[in-house]
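Asker: requesting a structural model of the entry that follows:
(2 chains)
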Amino acid sequence: MDTLRLLGRKIVRARELGPLVGLVVMLSIFQAINPLFFTPNEMTGLTTIAASVGIVGVGVTFLMIAGEFDLSVGAMYALTPIVMGKLLTTFGWNEWLSFAAAMLLAVAIGFLNGLVTLRLGIPSFITTLGTLFIVNGMNLLLTSGQQVEYYGTSTLFPILGGQLGSSPFYAALIWMVVITAVFWFVLERTRYGNWTFAAGGRGGIARAVGVPVTRVKNINFCITAALAGFAGCTEFGYLGSVSSGQGTQMELYAIVVAVVGGTSLFGITGTIIGTFIGALLLGTLETGLVLIGAPGSLYTSLIGLILIIAVIINVRLDRLYTLRMRRAPK
Amino acid sequence: MSDAVTPATASSAASAVAAQAPVIELRDVCKDYGNTRVLYDVNLSIMPGEVVGLVGDNGAGKSTLLKIITGYHLPSAGAVYLAGRPVRFSSPAEARAVGIETVYQDLAIINELSLWRNFFMGKELRRNLGPLRMLDIPRMRQICNEELSKLGLTRFRSPDEPAASLSGGERQSVAITRAMYFGARLLLLDEPTAALSVRETRNVLASIDTARGQGLGIVYIDHNMAHVHPVADRVVLIEHGRVAATLKRGDVSVAELSDLVARTHPGQVQ
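Answerer: Below you'll find the model as predicted:
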């Protein structure tokens, strides 16, 4: 009985519950309005949208839990595949080497974001806003407004973004699932994850008990930039081309999926699974609205609405929960 | 003052002698910030199982003294002895490694995290999963459950609950219990009851009592004599960077203490 009550409380408190309910409701509505919703075509759209924003969102979630932001992920989402494509086409590098070099650059930029933020004491919101503009400029410079294309034979591109057999799904979906699983494990089941939570807490406590807060945050900046870059590469692998405009506003969508999934803007609270669900929710909304013939502009407005509702629910739940705990000791 | 054991005998003798040595001893410790001297020849020793109250007004030098003991600062002159051996801490981590733990009023527990995560933060237990090392959550939950159940906290239900579900005093008690569990020898409490109700204060004092019973040396820092008096075996009054008075338990009544505080701090009336 007591175990059951504890389990019940655990489920109700789970941050993932809200977005999951939202997702199911949304799927049901779209399916009810248009029975064509659960068709291969729509599932392709839904999952590719969800996969790219989901992979970026996992990184952003990890960083937000540690109490920092990264607004440059959208720019990194373009820069990494652009650099990869340039090395591959203009410089004729091996595809694996091009990919590795581009990813290394992404990690390096993430590291610099962390360095400037943590060592010089600049809010990460500002640091990475600066990086967003700098990298966007680099993207324009590198592409000169042209698309970077690669349609040659490749083993890497199908791995990054190819179709999975004759299924309606593409590789990015697998990557999203794998990355979600890996980072769920790291966050919830490793010491590093424990330190990531602690790093997001009010200043001083984590340090006072010996957690290397600066190092943890800096590594998380690298992870976030790397995942954004990787997600961009999966889209390159899927399309075979990349432009400087790829990933525009991705930084905002990534924060949306994290927050809708239950991650707090103030650090420490958040879940990787929630972000995964948030990404699916975003993908569902976009494909679903197109399918029921709603005007495309509605999508953007609805995202804003859902974001605000999600935060209201989360804040209310938190307050309700804390109050109940305080009022009713056993 | 109990300066019974010299460092020479303590370091050469076995642990039996070491047990009688002060957990920590400061000898003629001075501290200068630039040209300003903030501590003058401070002598202070804390025996195992002894609670020493460190009382003084803001700016009297308490915090500097605390920072020297916890390894944030090195003394400008004089020496610090740990169980009879001279030590020079170059970092707080070094001091913590030898069992000097500080429980700060508001910097001990992360409210949003579960109790077991808090209890083991920075000292996580891990087990191998193939080539990976993962948290040993079942063991940490179990130990946390055992240790906190002993405290008799009314609000404690499960180690999975967030620390926010406990009251402020209970969180202090958890922090003290954690320090004891991880083998602290010296516990420094910085105004542990400043923001607490009377009942809550009683809980924290009970935890301090338990820690004393287990042979820890305890430094209880506060600016208010009345907070320290009920639990301290000895009260050391710091004033203008000097030890102004040392009072043993039973030497003085609360009234006399208050007189002393009123004399030394005319602004502070009990």
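Asker: next structured bit after the helix or strand that contains A:Val216?
Answerer: For A:Val216, the host element (DSSP states H and E) is helix A:213-239. Scanning forward in sequence from helix A:213-239 by DSSP H and E, the next helix or strand is strand A:241-242.
Asker: just checking, what packs against that following strand?
Answerer: Other helices and strands packing on strand A:241-242, by 3 or more Cβ pairs under 8 Å, 6 or more residues apart in numbering or on different chains; DSSP states H and E, are helix A:73-89, strand A:148-149, helix A:213-239. C-beta coordinates here come from the backbone N, C-alpha and C atoms, glycine included.
Asker: returning to what we had before: gap between the helix holding A:Val216 and the chain center?
Answerer: Once both centres are worked out by Cα atoms, centre = their mean, to the nearest Å, helix A:213-239 turns out to sit 9 Å from its chain's centre.
Asker: list the buried residues of it.
Answerer: For helix A:213-239, the neighbour count (16 or more other Cβ atoms under 10 Å in any protein chain shown) marks A:213, A:216-239 as buried.
Asker: and it, what does it pack against?
Answerer: Looks like helix A:213-239 contacts helix A:40-65, helix A:73-89, helix A:95-119, helix A:156-161, helix A:171-189, helix A:191-199, strand A:241-242 (3+ Cβ pairs under 8 Å, 6+ apart).
Asker: for the ones you listed, could you give me a markdown table that also reports mean pLDDT and mean neighbour count?
Answerer: Compiled in a markdown table, the helices and strands packed on helix A:213-239 are given as follows (pLDDT from 0 to 100; neighbours: other Cβ atoms under 10 Å in any protein chain shown):
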| stretch | mean pLDDT | mean neighbour count |
| --- | --- | --- |
| helix A:40-65 | 95 | 26 |
| helix A:73-89 | 97 | 27 |
| helix A:95-119 | 97 | 19 |
| helix A:156-161 | 95 | 20 |
| helix A:171-189 | 96 | 19 |
| helix A:191-199 | 96 | 23 |
| strand A:241-242 | 96 | 22 |
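Asker: same list (these) but as a markdown table, adding distance to A:Ala254.
Answerer: A markdown table is the format used below for the helices and strands packed on helix A:213-239 (distance: least, Cβ to Cβ, whole Å):
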| stretch | distance to A:Ala254 |
| --- | --- |
| helix A:40-65 | 4 |
| helix A:73-89 | 6 |
| helix A:95-119 | 14 |
| helix A:156-161 | 19 |
| helix A:171-189 | 13 |
| helix A:191-199 | 17 |
| strand A:241-242 | 18 |
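Asker: what about A:Leu265, which helix or strand?
Answerer: Under the criterion DSSP H and E, no helix or strand holds A:Leu265.
Asker: contact partners for it?
Answerer: With contact taken as Cβ atoms under 8 Å, 6 or more residues apart in numbering or on different chains, A:Leu265 is in contact with A:64, A:259.
Asker: need phi/psi at it.
Answerer: phi -70, psi -10 (degrees, to the nearest 10).
Asker: so stretch B:196-211, near chain A or not?
Answerer: No. In terms of Cβ under 8 Å from any Cβ of the partner chain, no part of stretch B:196-211 sits within range of chain A; the closest distance is 12.3 Å.
Asker: who touches that stretch?
Answerer: By Cβ under 8 Å, 6+ apart, stretch B:196-211 touches B:51, B:151, B:153, B:167-170, B:172-173, B:176-177, B:179-180, B:187, B:189, B:192-193, B:218, B:220, B:227, B:230-231.
Asker: flag every buried residue along it.
Answerer: Quick answer for stretch B:196-211 (16+ other Cβ under 10 Å): B:196, B:200-201, B:203-208, B:210-211.
Asker: pipe those into JSON lines and attach pLDDT, secondary structure and distance to B:Leu132 per row.
Answerer: Formatted as JSON lines, the buried residues of stretch B:196-211 follow (pLDDT from 0 to 100; DSSP: H, G, I helix; E, B strand; the rest coil; distance: Cβ to Cβ, whole Å):
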{"residue": "B:Leu196", "pLDDT": "82", "secondary structure": "coil", "distance to B:Leu132": "42"}
{"residue": "B:Glu200", "pLDDT": "83", "secondary structure": "helix", "distance to B:Leu132": "42"}
{"residue": "B:Thr201", "pLDDT": "85", "secondary structure": "helix", "distance to B:Leu132": "45"}
{"residue": "B:Asn203", "pLDDT": "83", "secondary structure": "helix", "distance to B:Leu132": "40"}
{"residue": "B:Val204", "pLDDT": "87", "secondary structure": "helix", "distance to B:Leu132": "40"}
{"residue": "B:Leu205", "pLDDT": "88", "secondary structure": "helix", "distance to B:Leu132": "44"}
{"residue": "B:Ala206", "pLDDT": "88", "secondary structure": "helix", "distance to B:Leu132": "41"}
{"residue": "B:Ser207", "pLDDT": "88", "secondary structure": "helix", "distance to B:Leu132": "37"}
{"residue": "B:Ile208", "pLDDT": "91", "secondary structure": "helix", "distance to B:Leu132": "40"}
{"residue": "B:Thr210", "pLDDT": "89", "secondary structure": "helix", "distance to B:Leu132": "38"}
{"residue": "B:Ala211", "pLDDT": "91", "secondary structure": "helix", "distance to B:Leu132": "37"}
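Asker: all good on my end, thank you.
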